[in-house]
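[1] only geometry, no sequence info:
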């Protein structure tokens, strides 16, 4: 059985705890990805239906454009990963109340608002293989409906009266925006360092995963150790998730082209596979990255050449390897919780995020 | 001494209370406007300095573009009306703590975020006679820094731990965005009714004035009657303020052209002076409004002709008359509070908002 390379965190924990943490091999059996998330989905099915009903109810407005636009994205077949984290984390912590539904909906609203604004900022035409809201209703409406969802998110979370959860989510909201601005400021700069890129995704993606998980412990009134453990789980899972996303955008390890392949390339985004391929490349290759991403001059065949360069330098493999590193930390973070179906499912979720091919 | 026409609300109150409410003549002495706000400014000077320090402190970020862009707008010479409402209302209610500073900063952050997004949505080049942030840093950065300020606003208000104040501000944030979407959906429609327009400004402008005032009573732990009175004061002041803004954009009653005159016209915005002039105009005049605002075909001399049509139909005078109506309601709303320098200053603020010429 292959063992995950989590040497970075092994040292920090007694060997026994570390072994408890590593319950799933991350290296093999890519096909099991969907089953891994199915297990979590089955566990939280009833609650996720309640979250969906609640989202529909709180998306309502007398201004018809608001629910029309918001539901276009909310119903577009996202995996609802972030609200699922809140539900599963709170259940793992023994929470018995109803506020996890509201907080999960808050998290999804916040995420949706971010996506609406992202698509405007990135000038994206497609998301999840569907026209983006801005292509249907325009940039202006996307900005404003995003703001509406942010307002609603805060309204929802205030209803839970959990000041600590409020603080965590409000913090995440600033950090996400900070990450987006950081990304914009570094945009199209092929010489971005890996560290700088990690700072961006820690803020723009991982902060919400961390908050979504941590608030589960907070509403269950568990102690700071468990809240911190769930924060760490979410944060590292979020980083792993984003890195796999980055690799999948160039076809992943197998360079299998899917319907969204090349979106990042076409938008001139600097992601980890680019950072690695650029640094490892010769001067001719660097000129290619500068022309296509920095100057935005892309021609037919450039995407194929980009993938070729990434494969030549193992940039996709190594992006996945980095993702595994963070995934292993996420799994270790859960080790302090007693064995339970929720802990198993959250652990397998890491596997799913890393091995998924969509 | 001319008496305000507030016949609409006179009926609802015993005559004595009504008289108490009307302490300032709204009809005369336009020049007193700046003095009226100066009185309030003098009363809250120390606290507004604390608010400004706090804003500077909380605008900070490791991402330099964030404070650069945010301070461009925050330091651009706005009147800080909304945070002043929070400070003055809380002091009038006898508040002795420090949280009014945080809440006032929250209100200003929320307002600034809205302006940043507004300028993107309206494609505005100038605000307060200065280049808009989007012209300097681009639309993308303006959207994202707006989101950052929204996040910071929520973070700040959570620190006050006042769940009721949180609820009021979160509510206002949704309502503001709802109003903006409403306006976008009705944009460039010259047949917009006065009622529909009033719904838009009640949401997009008055909701924040109402929230900013009401939270003053809330943190001072005053009863629901006083909170409702301050809500009503803020709401009606906000409507009056917006209507005067609309009139000033066409030069106001005197049709005096200032540096911002014609901004709404150039952006094709439907405001109350347009609604009135369109309804009162003949078919030729309506064709003019449709061409210039609905179809956006504007030529040299069109702004002058628009102002001429507004004067022909008393659209600017009547917009100010409507503003006075709401101003009178705002003043009456304050009547339940005992006489104090704050009440006097808040009352005079209504006069300032109506009689100002900038």
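    Noted; the coordinates are in hand. Values in this document were obtained by computation on a predicted structure and should not be read as measured data.
[2] nearest spatial neighbour of the residue in the stretch 201-350 of chain A that chain B sits nearest to, chain-adjacent residues omitted?
    Of the stretch 201-350 of chain A, the residue with the smallest distance to chain B, taken as Cβ to the nearest Cβ, is residue A:203 at 9.1 Å. (Each C-beta comes from the backbone N, C-alpha and C, glycine too.) Spatially, and ignoring its direct neighbours in sequence, residue A:203 is nearest to residue A:179 (2.6 Å; Cβ to Cβ, 6 or more residues apart in numbering or on different chains).
[3] and the angle from the host helix or strand of the one you found to helix B:163-185?
    If you go by DSSP states H and E, residue A:179 is part of helix A:163-185. Interaxial angle of helix A:163-185 relative to helix B:163-185 (axes from the mean of the first three to the mean of the last three Cα atoms, to 10 degrees): 40 degrees.
[4] near chain B, anything from the helix or strand just after helix A:163-185?
    Sequence-wise, the next helix or strand downstream of helix A:163-185 (DSSP H and E) is helix A:194-201. No. Shown here: helix A:194-201 not in contact with chain B (Cβ under 8 Å from any Cβ of the partner chain), separated by at least 8.9 Å.
[5] by contact count, what packs against helix A:194-201?
    For helix A:194-201, the packing partners by 3 or more Cβ pairs under 8 Å, 6 or more residues apart in numbering or on different chains; DSSP states H and E come out as helix A:163-185, helix A:224-248, helix A:272-280.
[6] any idea how far the helix holding residue A:179 is from the chain center?
    Its chain's average C-alpha position is 14 Å from that of helix A:163-185, according to Cα atoms, centre = their mean, to the nearest Å.
[7] could you tell me the angle between that helix and helix A:194-201?
    130 degrees.
[8] quick one: buried residues of helix A:163-185?
    A:163, A:165-185 (16 or more other Cβ atoms under 10 Å in any protein chain shown).
[9] any stretches of the stretch 151-300 of chain A with poor pLDDT?
    Across the stretch 151-300 of chain A, the ranges flagged by pLDDT under 70 are A:255, A:257-259.
[10] for the residue nearest to residue A:203, give its distance to residue A:205.
    Going from residue A:179 to residue A:205 by Cβ to Cβ, to the nearest Å gives 8 Å.
[11] what of residue A:309?
    From residue A:309 to residue A:205 the distance is 25 Å (Cβ to Cβ).
[12] how about residue A:189?
    Residue A:189 is 19 Å from residue A:205, by Cβ to Cβ.
[13] higher neighbour count, those two?
    residue A:205 (22 against 13; other Cβ atoms under 10 Å in any protein chain shown).
[14] now the more buried one: closest residue in space that isn't a chain neighbour?
    residue A:242 (4.2 Å).
[15] how about the one you found, what does it touch?
    By Cβ atoms under 8 Å, 6 or more residues apart in numbering or on different chains, the residues touching residue A:242 are A:201, A:205-206.
[16] which stretch of helix or strand covers residue A:354?
    helix A:341-355.
[17] I meant residue A:252, not that one.
    Counting by DSSP H and E, residue A:252 is part of no helix or strand.
[18] ok, it touching residue A:317?
    No. Counting by Cβ atoms under 8 Å, residue A:317 is not a contact partner of residue A:252; they are 9.6 Å apart.
[19] looking at those two, which one has more neighbours?
    residue A:252 (25 against 16).
[20] separation between the more buried one and residue A:81?
    Distance from residue A:252 to residue A:81, by Cβ to Cβ: 18 Å.
[21] please apply the same query to residue A:197.
    21 Å.
[22] identify each buried residue in stretch A:216-223, please.
    For stretch A:216-223, by 16+ other Cβ under 10 Å, it's A:216-220, A:222.
[23] stretch A:276-294 too?
    Buried, per 16+ other Cβ under 10 Å, within stretch A:276-294: A:276-278, A:280-281, A:285-286, A:288-290, A:292-294.
[24] okay, now the closest residue to residue A:166 other than its chain neighbours: neighbour count?
    Closest residue to residue A:166 apart from its sequence neighbours, by Cβ to Cβ, 6+ apart: residue B:158 at 4.7 Å. Using other Cβ under 10 Å, residue B:158 is surrounded by 25 other residues.
[25] tell me which strands and helices whichever strand or helix holds residue B:158 is in contact with?
    Following DSSP H and E, one finds residue B:158 within helix B:139-159. With contacts defined as 3+ Cβ pairs under 8 Å, 6+ apart, helix B:139-159 has these neighbours: helix A:99-121, helix A:139-159, helix A:163-185, helix B:65-74, helix B:99-121, helix B:133-137, helix B:163-185.
[26] can I get these in CSV with distance to residue B:329?
    Compiled in CSV, the helices and strands packed on helix B:139-159 are given as follows (distance: least, Cβ to Cβ, whole Å):
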stretch, distance to residue B:329
helix A:99-121, 35
helix A:139-159, 26
helix A:163-185, 34
helix B:65-74, 31
helix B:99-121, 22
helix B:133-137, 35
helix B:163-185, 19
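[27] out of these, flag the one nearest residue B:40.
    In terms of Cβ to Cβ, the element of the helices and strands packed on helix B:139-159 nearest to residue B:40 is helix B:99-121, at 13.3 Å.
[28] touching chain A at all, the closest one?
    Yes. Under the criterion of Cβ under 8 Å from any Cβ, helix B:99-121 makes contact with chain A via B:113-114, B:117, B:120-121.
[29] just the angle between that helix and helix B:163-185, please?
    Counting by the same axes, to 10 degrees, helix B:99-121 points 10 degrees away from the direction of helix B:163-185.
[30] for helix B:99-121, what is the average pLDDT?
    For helix B:99-121, mean pLDDT is 96.
[31] right, and the helix or strand after it?
    Following helix B:99-121 in sequence, per DSSP H and E, is strand B:126-127.
[32] so what touches that following strand?
    Contacts of strand B:126-127 (Cβ under 8 Å, 6+ apart): B:73, B:76, B:115, B:119, B:132, B:260, B:263.
[33] that strand pairs with which strands, parallel or anti?
    Strand pairing for strand B:126-127, determined by DSSP bridges: strand B:130-131 (antiparallel).
[34] what residues does the partner strand touch?
    B:72, B:76, B:125.
[35] mind redoing it with 6 Å?
    Strand B:130-131 is contacted from outside by residue B:76, using Cβ atoms under 6 Å, 6 or more residues apart in numbering or on different chains.
[36] how about stretch A:282-294?
    A:188, A:190, A:268, A:278, A:297-298, A:302, A:309.
[37] circling back: dump the residue contacts of the residue nearest to residue A:166.
    Contacts of residue B:158 by Cβ under 6 Å, 6+ apart are A:166-167, A:170.
[38] get me the contact residues on the stretch 1-150 of chain A for chain B.
    Residues of the stretch 1-150 of chain A lying near chain B by Cβ under 6 Å from any Cβ of the partner chain: A:61, A:63, A:65-66, A:117, A:121, A:140-141, A:143-144, A:147-148, A:150.
[39] excluding chain neighbours, what is closest to residue A:104?
    Nearest non-adjacent residue to residue A:104 (Cβ to Cβ, 6+ apart): residue A:83, at 3.6 Å.
[40] relative to chain B, how far out is that neighbour?
    With distances taken as Cβ to the nearest Cβ, to the nearest Å, residue A:83 is found 19 Å from chain B.
[41] that residue is in what secondary structure piece?
    Counting by DSSP H and E, residue A:83 is found in helix A:81-92.
[42] and the contacts of that helix?
    A:44, A:47, A:51, A:100, A:103-104, A:107-108, A:111, A:208, A:212-213, A:215-216, A:219-220, A:230, A:337, A:340, A:342-343, A:346.
[43] once you drop chain neighbours, what's closest to residue A:222?
    Nearest one to residue A:222, counting by Cβ to Cβ, 6+ apart, is residue A:93 at 4.8 Å.
[44] ok, residue A:50 next?
    Closest to residue A:50 by Cβ to Cβ, 6+ apart is residue A:101, at 4.9 Å.
[45] what sits against that neighbour?
    Contacts of residue A:101 by Cβ under 6 Å, 6+ apart are A:50-51, A:54.
[46] can you give me the angle the helix holding residue A:83 makes with helix A:341-355?
    150 degrees.
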